[in-house]
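In: Requesting a structural model of the entry that follows:
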Amino acid sequence: MLVLWDIDHTLMATRGLGRELWAEAFHQVTGARMREQADVTGSTERVILRETARLHDVPYTEDLFTAFAEALGTAHIRRAAELRERGHALPGAAAVLSALAQQGVRQSVVTGNVRRAAEVKLAVFGLDSYLNFDDGAYAEDGEGRPELLRAALARSGTRSENAVFLGDTPADVAGGRDARMRVVAVATGRTSADDLRSMGADAVLDDLSDIECALSAIAPGGTPQA
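Out: Below you'll find the predicted structure:
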């Protein structure tokens with residue numbers, strides 16, 4: 001079994017620092033100060049950069065994205081201590097990750113973040129040790145959740161019926177369904193539990209604080225198998 005996690009508002013929150021780091025990297029690679037940012041909810045850094053560049057009349061290219069990904073990852077490394085002070089892991093995140101790891105369940109991430117930023121965010125809050133980053137997928141791997149989920153399944157050699165994806169947005173639910181995976185939605189973002197349920201999530205949690213409830217949602221038939 002493979003459990004794939006979204007990061008932002010599923011496992012942790014940056015409390016505004018993420019936008020600051022994003023604006024810093026955008027200015028560095030484009031020379032333009034960010035006046036506004038494209039919608040980030042459930043999106044990937046590649047799409048957000050392209051749309052934000054358009055809002056600032058900046059031509060988008062793959063080279064621009066490559067430079068931006070490098071700048072954003074470096075910004076996270078440089079301000080990791082500040083991220084630790086301002087952000088936080090969400091209640092129950094570490095406990096659920098640990099419980100699954102103790103049962104031998106493979107875990108990774110599927111996220112719209114660039115990989116280096118994802119690694120820094122999770123390391124800052126001590127969540128990285130439970131995850132195999134090489135089995136995951138990141139902004140460098142595509143534009144939408146279905147594409148990223150399929151990339152993670154391919155990398156890990158896992159069939160979709162043997163994987164579970166946990167996220168907090170409508171895009172996470174839709175992406176998981178498109179990839180034919182079980183989807184557990186966590187209502188710790190901007191979308192209510194009722195709305196996530198109506199969108200077709202297989203299970204919905206208010207948060208991760210109830211470890212037994214979370215484990216039951218991830219593997220409803222009993223103890224998760226590795």
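In: okay, how far is it across stretch 164-181, tip to tip?
Out: 6 Å (C-alpha to C-alpha, to the nearest Å).
In: hey, where'd the helices end up in this protein?
Out: 17-30, 45-55, 62-78, 80-86, 93-102, 115-124, 145-156, 170-178, 193-198, 211-218 (DSSP state H).
In: Domain-wise, how is the chain divided?
Out: With domains defined by automatic domain parsing, the chain comprises 2-13+88-218, 17-84.
In: Compare the helices of the chain and give me the one nearest Y130.
Out: When the helices of the chain are compared by C-beta to C-beta, helix 93-102 sits nearest Y130, at 4.0 Å. The C-beta positions use only the backbone N, C-alpha and C, and glycine is treated the same way.
In: packing partners for that closest one?
Out: Helix 93-102 sits against strand 106-109, helix 211-218, with contacts defined as 3 or more C-beta pairs under 8 Å, 6 or more residues apart in numbering; DSSP states H and E.
In: repeat that with 6 Å
Out: Applying 3 or more C-beta pairs under 6 Å, 6 or more residues apart in numbering; DSSP states H and E, one finds that helix 93-102 contacts helix 211-218.
In: pLDDT (mean, whole number) over the helix it packs on?
Out: Here the mean pLDDT over helix 211-218 is 96, rounded to a whole number.
In: Just the angle for it relative to helix 93-102, thanks.
Out: For helix 211-218 and helix 93-102, the angle between their directions (axes from the mean of the first three to the mean of the last three C-alpha atoms, to 10 degrees) works out to 60 degrees.
In: who does helix 211-218 touch, helix- and strand-wise?
Out: helix 93-102, strand 203-205.
In: Mind putting the domains of the chain into TSV with mean neighbour count?
Out: Conversion of the domains of the chain to TSV gives the following (neighbours: other C-beta atoms under 10 Å):
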stretch	mean neighbour count
domain 2-13+88-218	20
domain 17-84	17
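In: show me the contacts for S108.
Out: L4, L131, N132, D135, G136 (C-beta atoms under 6 Å, 6 or more residues apart in numbering).
In: Residue ranges in the chain under the pLDDT threshold?
Out: Counting by pLDDT under 70, the ranges of the chain that qualify are 222-226.
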